[in-house]
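Asks: Fold the following.
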Amino acid sequence: MRPGGHRRGDGQTARGAALRHSKRHIRYALATGLLAAAAAIFVLVRIIPHPGFGVRLLNAAAEAAIVGGLADWFAITALFRRPLGLPIPHTGLIPRRKDEIGRALGAFVRDRFLDPDLLTERLRRRNRAAQIAGWLDTEEAASFAAERAAILVPPLLNGLNDSEVRVFIGRLAQAGLGRVDIVPIVDAILDEGVAAGRHMQIAGLLIAAAGPSLQALKGPIAERVGERTGRFFPRYFDLKIGQGIVNGAAAWLDAIGTPGSEERLRFEAWMRTAIANFRASPDYAKMLREAQSAVAANTAVRDALSAIWDEIKRELLLDAQSPSPKLAVVAGEVTRTLGRLLRQMPAMQDYMNAAIERVLVDYIAPWRIQIGNYIAEIIAGWDGPKVAAVIEQQVGADLQFIRINGTLVGAAIGALLFLIGAALGGG
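Replies: Residues are numbered from 1 along each chain as shown. Below you'll find the predicted structure:
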């Protein structure tokens, strides 16, 4: 498991902020450098005693560049703070009007993002379920699911009350067994078993188990024979009769166990008839349901389920502590499998698209006024200078281009005006 997905995201955020900070400083230096260059040219031109046409043209461009650069610097600075700290009206707009900005942003989200008709139209532009399926079937989604499973499962399992879980599983199993119609299930098992000859396999197992038991019963059988023949009948004959009974039963069992024997065929026919009669009995369904209820209510079943839960929990916790949890691997594979299945099932995509639309339009959109007010309240609670600093950090680098363009465009306009004046005879 890769350590700390959140830490990796925080690192990327920090790197992004550092990059923006660096870009802002580079562009700020460029804008300031151009303005300083224009000011230097303006000063240098003043020390030339008899400037020619080209020098005067350069001076005009420098003057206009200074004006344009300073005007744009003032305009940009006035958005975030008071220029040079002076109490100039209509400056420091963002800190001073952050509450209005918050209300405007809340209204924008409310009217442009959460309007039901707009939501519906945007949702139906593309197959959102297919997009989700495509994301699920990626290594990124699999890694995300694997990391979260390995992190969340142990505290979730440790937070459960085992006694309540065992009671819940027992009740769930009892309710589930009670809802199952066992009669058709038993019918299907009997049909399949008889057709496959499994009833004779069961009979063979019983015969194999009965052989040793018969030999052990030879003495008790002789005693019972003696009780019937009387004390004056020789015990020798009692033993012989008992042995004969045992031998006869053993021979019969051997005959049944011999494939293709006449006795086996007769026994199989008898078993088929007995099974058919059992299924035709009026008490057949009742007896099965009573047996089903007895199994569902048996404490041994609940104890077995409780033991299964304890074992599953123990194995999951042990796995989560391993260097490479299998749970994480399974979570990743399940995520990708869900993505592939969703991509291959248009009906499921239609259902998911309808569910997404229903959730957003029926449950979220009705709260759009409250959501807009919430955004406005959150921004109203922020510190004005801090809001300005955050916004400046995000867009400050791009705003420096306004200063650069103002300086360059001002220089171009100043030079153009000088040339027009010269052409009209004013230079």
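Asks: Point out where the stretch 301-427 of the chain drops to low pLDDT.
Replies: Within the stretch 301-427 of the chain, the stretches with pLDDT under 70 are 396, 426-427.
Asks: Kindly report the same for the stretch 51-200 of the chain.
Replies: For the stretch 51-200 of the chain (pLDDT under 70), the answer is none.
Asks: ok now do the most centrally placed residue in the chain, which residues does it touch?
Replies: In the chain, the residue lying closest to the centroid (CA atoms, centre = their mean) is residue 145, at 6.0 Å. Applying CB atoms under 8 Å, 6 or more residues apart in numbering, one finds that residue 145 lies in contact with 331-332, 334-335. C-beta here means a position set from N, CA and C on the backbone, and glycine is covered the same way.
Asks: Could you check which helix or strand contains it?
Replies: Using DSSP states H and E, residue 145 sits in helix 139-159.
Asks: Let me know the secondary structure of the closest residue to residue 177 other than its chain neighbours.
Replies: Spatial nearest neighbour of residue 177, chain neighbours left out: residue 296 (4.1 Å); criterion: CB to CB, 6 or more residues apart in numbering. State at residue 296, reduced to three classes by DSSP: H, G, I helix; E, B strand; the rest coil: helix.
Asks: any idea how far residue 296 lies from residue 164?
Replies: Applying CB to CB, to the nearest Å, the value for residue 296 to residue 164 is 20 Å.
Asks: do the same with residue 111
Replies: Here residue 111 is placed at a distance of 48 Å from residue 164 (CB to CB).
Asks: do the same with residue 302
Replies: 14 Å.
Asks: These two: which has the busier surroundings?
Replies: residue 302 (18 against 9; other CB atoms under 10 Å).
Asks: Check which helix or strand the more buried one maps to.
Replies: Residue-wise, residue 302 maps onto helix 299-320 under DSSP H and E.
Asks: what do you get for residue 254?
Replies: helix 235-257.
Asks: pLDDT of that helix, averaged?
Replies: Average pLDDT, helix 235-257: 69.
Asks: residues making contact with the helix or strand following that helix?
Replies: Downstream of helix 235-257, the first helix or strand assigned by DSSP H and E is helix 262-280. The contact list for helix 262-280, computed with CB under 8 Å, 6+ apart, reads 187, 190, 194, 199-200, 203, 252, 255-258, 284.
Asks: Out of those, which two sit at the greatest distance?
Replies: 258 and 284 (32.1 Å; CB to CB).
Asks: which of these two has more neighbours?
Replies: Neighbour totals were compared for residue 258 and residue 284, and residue 284 leads with 15 against 11 (other CB under 10 Å).
Asks: I'd like the distance from that one to residue 183, if you could.
Replies: 8 Å.
Asks: Need the pLDDT of residue 226.
Replies: 57.
Asks: whoops, I mixed them up, residue 12
Replies: In this model, residue 12 carries a pLDDT of 49.
Asks: close enough to count as contact, residue 80 and residue 97?
Replies: No: the criterion here is CB atoms under 8 Å, and residue 80 misses it with residue 97 at 11.9 Å.
Asks: more crowded one of these two?
Replies: Neighbours were counted for residue 80 and for residue 97 using other CB under 10 Å; residue 80 has more, 20 against 13.
Asks: Please name the residues that touch the more buried one.
Replies: Applying CB under 8 Å, 6+ apart, the residues near residue 80 are 92, 94-95, 388-389, 391-392.
Asks: Turn the residues you listed into JSON lines, including neighbour count, secondary structure and distance to residue 276.
Replies: Formatted as JSON lines, the contacts of residue 80 follow (neighbours: other CB atoms under 10 Å; DSSP: H, G, I helix; E, B strand; the rest coil; distance: CB to CB, whole Å):
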{"residue": "92", "neighbour count": "19", "secondary structure": "coil", "distance to residue 276": "96"}
{"residue": "94", "neighbour count": "19", "secondary structure": "helix", "distance to residue 276": "90"}
{"residue": "95", "neighbour count": "21", "secondary structure": "helix", "distance to residue 276": "92"}
{"residue": "388", "neighbour count": "20", "secondary structure": "helix", "distance to residue 276": "90"}
{"residue": "389", "neighbour count": "16", "secondary structure": "helix", "distance to residue 276": "88"}
{"residue": "391", "neighbour count": "17", "secondary structure": "helix", "distance to residue 276": "85"}
{"residue": "392", "neighbour count": "18", "secondary structure": "helix", "distance to residue 276": "89"}
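Asks: Turn these into JSON lines, columns for distance to residue 402.
Replies: As requested, the contacts of residue 80 are exported to JSON lines (distance: CB to CB, whole Å):
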{"residue": "92", "distance to residue 402": "18"}
{"residue": "94", "distance to residue 402": "16"}
{"residue": "95", "distance to residue 402": "20"}
{"residue": "388", "distance to residue 402": "17"}
{"residue": "389", "distance to residue 402": "19"}
{"residue": "391", "distance to residue 402": "15"}
{"residue": "392", "distance to residue 402": "13"}
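Asks: picking that back up, could you list every helix and strand that the helix holding residue 302 packs against?
Replies: For helix 299-320, the packing partners by 3 or more CB pairs under 8 Å, 6 or more residues apart in numbering; DSSP states H and E come out as helix 139-159, helix 162-179, helix 326-344.
Asks: CSV for those, including distance to residue 352?
Replies: CSV is the format used below for those (distance: least, CB to CB, whole Å):
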stretch, distance to residue 352
helix 139-159, 16
helix 162-179, 28
helix 326-344, 7
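Asks: Which of those sits closest to residue 406?
Replies: Closest among those, using CB to CB: helix 139-159, at 43.2 Å.
Asks: angle of that closest one against helix 326-344?
Replies: With axes from the mean of the first three to the mean of the last three CA atoms, to 10 degrees as the basis, helix 139-159 and helix 326-344 are set at 130 degrees to each other.
Asks: CA atoms only for helix 139-159, dumped as PDB, please.
Replies: What follows is helix 139-159, C-alpha atoms only, in PDB (Å, rounded to 0.1, in the frame of the first residue of the first chain):
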ATOM      1  CA  GLU A 139      -5.500   2.100 -12.200                       C
ATOM      2  CA  GLU A 140      -6.100   5.400 -10.500                       C
ATOM      3  CA  ALA A 141      -9.600   4.300  -9.300                       C
ATOM      4  CA  ALA A 142      -8.300   0.900  -8.300                       C
ATOM      5  CA  SER A 143      -5.400   2.400  -6.300                       C
ATOM      6  CA  PHE A 144      -7.900   4.900  -4.600                       C
ATOM      7  CA  ALA A 145     -10.200   2.000  -3.600                       C
ATOM      8  CA  ALA A 146      -7.400  -0.200  -2.400                       C
ATOM      9  CA  GLU A 147      -5.900   2.600  -0.200                       C
ATOM     10  CA  ARG A 148      -9.200   3.500   1.300                       C
ATOM     11  CA  ALA A 149     -10.200  -0.100   2.000                       C
ATOM     12  CA  ALA A 150      -6.900  -0.800   3.800                       C
ATOM     13  CA  ILE A 151      -7.300   2.400   5.800                       C
ATOM     14  CA  LEU A 152     -11.000   2.200   6.600                       C
ATOM     15  CA  VAL A 153     -11.700  -1.400   7.200                       C
ATOM     16  CA  PRO A 154      -9.700  -2.000  10.400                       C
ATOM     17  CA  PRO A 155     -11.200   0.900  12.400                       C
ATOM     18  CA  LEU A 156     -14.600   0.000  11.000                       C
ATOM     19  CA  LEU A 157     -14.300  -3.600  12.200                       C
ATOM     20  CA  ASN A 158     -12.900  -2.600  15.600                       C
ATOM     21  CA  GLY A 159     -15.700  -0.200  16.100                       C
END
